[in-house]
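>>> My questions are about this predicted structure, shown below with the sequence.
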Amino acid sequence: MAIEDIEWAQRKSGAVLEMILGFVIFILAIPLPMLITGPSIPMTLILFFIGIMLFSHGRHVYNKVTHIVWTKQAIREYDDKKTAAKEVYNAVTSNFKCPNCGTLVNLDAKFCSQCASKVK
């Protein structure tokens with residue numbers, strides 16, 4: 001596991017905690033003000049708003065981190081495929097040399113361009 005994977009896991013867990021905190025504040029928006037100050041509509045609305053904002057921000061961060069991780073994985077997979085394709089290309093092109101002089105020839109060539117010997 002790379003260091004960046006640990007960092008992304010920490011960011012994801014922080015976002016989840018933020019979502020949980022926002023949800024709890026949102027749920028407690030009605031009973032909490034009644035316990036502290038009695039029925040208070042402004043306090044309830046403020047707590048609703050804070051809960052929604054915390055939950056929304058946590059969800060945004062979680063989605064952002066997930067997208068970054070998926071993008072990095074896609075780039076790694078692309079680089080692996082690109083490297084494999086280069087290896088295959090080098091293996092294939094190295095087989096198409098003139099048997100007489102060793103010059104690289106085109107795949108569809110019948111004769112070598114250097115020594116004019118038959119390739120196929």
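Looks like it came in fine.
>>> Of all the residues in the helix or strand containing residue 5, which ones are buried?
Taking DSSP states H and E as the criterion, residue 5 maps to helix 3-27. Applying a neighbour-count criterion of 16 or more other Cβ atoms under 10 Å, the buried positions in helix 3-27 are 8, 11-12, 15, 18-19, 22, 25-26. (C-beta placed from N, C-alpha, C; glycine too.)
>>> which residues touch that helix?
In this structure, residues lying in contact with helix 3-27 by Cβ atoms under 8 Å, 6 or more residues apart in numbering are 47-48, 50-59, 61-62, 65-66, 68-69, 72.
>>> Then stretch 31-49?
Contacts with stretch 31-49, where a contact means Cβ under 8 Å, 6+ apart, come from 25-26, 28-30.
>>> chain center to that stretch, what's the gap?
Distance of stretch 31-49 from its chain centroid, counting by Cα atoms, centre = their mean, to the nearest Å, is 41 Å.
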